[in-house]
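Novice: Predicted model and sequence below, questions to follow.
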Amino acid sequence: MAPAPALILFDIDGTLMSRAGAHHKRALEEAVRRMAGRTSSLDAVPTHGKLDRDLLNLLLTEAGLSQRARRLALPETIRLAQSIYIESSPPRLEDRLCPGVRPLLETLAGEKFALGLVTGNLTAIGWRKLELAGIRHFFQFGAFSEQAATRALLARAAIRHARKAQLVERAAPVALIGDHANDVHAAHWNRIYAIATGTGLGSTEELRAARPHLFVTDLTELRISALATLFASPIAGQTKRRREPVIPPRPDAPPA
Ligand SMILES: [Mg+2]
C-alpha cells in the first residue's frame, strides 16, 4: 500500500466519544481492589486528560501500597483492569460518539489518510471502546497508556511507528486531535499540528490557552479544506523543542 499523504492521530475520551468512562473507571478500581485487597475510588479524581497507568498508580497509593509494592503490582493490575473491562463493558457505545466523528473518519479514510490513536486508555480498553462504538476499523494502530510514561512520549511512539511501518512518508504532515490541554502540549512537544475539539470535560479557556493550531467546537466543524490549509502552513512557534516532555504530576510525587 502506498504511504498516506497525512497522519491523523486521535485521542479517545472527550474527542471520539464522551460519557464512556463509567465502566472504564470501575474496571480500574476493581483491578486495584483485587490486587491490594482494599477499595479505592476515582470519584473525586478529575480523570480527563490523564493516563490509565497514572490513575492505577494513584489508586494503588490510596489503597496503601508503598512505592516499591506499587511498582511490583502495576503490571498485573494493568492486565487485570483490561480483562475486567472486557468482561464488564457495556453492550454498545455507538450513542456515545461525539458529534461529527463518523462522517469525519469516513472523509479521512476516503482521502487515504493514515489514522491512529494516542490515548491514555490501556490497549485492550481503548480498542474495545472503539469496537463498541463501531469505529474500530478506521484505525490502523495506536499508542496506549502502558507504552510510555507521558502523552508526549505516546505521541512520539505513534509517529515513529507510522513512519517505520511506512504508513506515511517521513515528510507527511501529522496532526493530533484531542480535547485536553495535555493533547495540545503533546502535539507541540512533537512539533506536529495540534487540533483541539471542545467536546471534552475541561474548560475551553484552558484548551485555547494551550494554543492549538486549530480549535473546533466539535468535529462537525473540522472540514477537509481546513486540514489542507493547516497542512500548508508552517508549524509556528515550535522552532526549538523543549528538552523534556510535559509530564503530568505523578501520584507519588512529593507536593510542589
Ligand atoms: Mg481526552
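Specialist: Okay, I see it.
Novice: List the contacts of Ile8.
Specialist: Leu108, Phe113, Ala114, Leu115, Gly116, Val174, Ala175, Ile177 (CB atoms under 8 Å, 6 or more residues apart in numbering). (C-beta placed from N, C-alpha, C; glycine too.)
Novice: can you list the residues of this protein near the ion?
Specialist: Asp11, Asp13, Gly14, Asp179, His180 (CB under 5 Å from the ion).
Novice: Model confidence score at the first one, please.
Specialist: So the one you mean is Asp11. Per-residue pLDDT puts Asp11 at 98.
Novice: Test my guess that it contacts Ala181.
Specialist: No - Asp11 lies out of contact with Ala181 (CB atoms under 8 Å); the separation is 11.6 Å.
Novice: Compare these two and say which is more crowded by neighbours.
Specialist: Asp11 (28 against 23; other CB atoms under 10 Å).
Novice: residue contacts, the more buried one?
Specialist: Leu117, Val118, Thr119, Gly120, Leu176, Ile177, Gly178, Asp179, His180, Asp183.
Novice: In strands only, show me these.
Specialist: Leu117, Val118, Leu176, Ile177, Gly178 (DSSP state E).
Novice: For the fourth one, which non-adjacent residue is spatially closest?
Specialist: Among residues not flanking Ile177 along the chain, Ile195 sits closest, at 4.4 Å (CB to CB, 6 or more residues apart in numbering).
Novice: His24 versus that neighbour, what's the distance?
Specialist: Relative to His24, Ile195 is positioned 24 Å away (CB to CB, to the nearest Å).
Novice: May I have the phi/psi pair for Val174?
Specialist: Phi and psi for Val174, reported as degrees, to the nearest 10, are phi -130, psi 130.
Novice: neighbours of it, just the number please.
Specialist: Neighbours around Val174, by other CB under 10 Å: 23.
Novice: Output stretch 122-132 as PDB - backbone C-alpha positions only.
Specialist: Extracted in PDB, the C-alpha atoms of stretch 122-132 (Å, rounded to 0.1, in the frame of the first residue of the first chain):
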ATOM      1  CA  LEU A 122      -4.900   0.900  28.300                       C
ATOM      2  CA  THR A 123      -4.600  -1.000  25.000                       C
ATOM      3  CA  ALA A 124      -7.500  -3.500  25.300                       C
ATOM      4  CA  ILE A 125      -9.800  -0.900  26.800                       C
ATOM      5  CA  GLY A 126      -9.200   1.600  24.100                       C
ATOM      6  CA  TRP A 127      -9.700  -0.900  21.200                       C
ATOM      7  CA  ARG A 128     -12.800  -2.300  22.900                       C
ATOM      8  CA  LYS A 129     -14.400   1.100  23.200                       C
ATOM      9  CA  LEU A 130     -13.800   1.800  19.500                       C
ATOM     10  CA  GLU A 131     -15.200  -1.600  18.600                       C
ATOM     11  CA  LEU A 132     -18.300  -1.000  20.700                       C
END
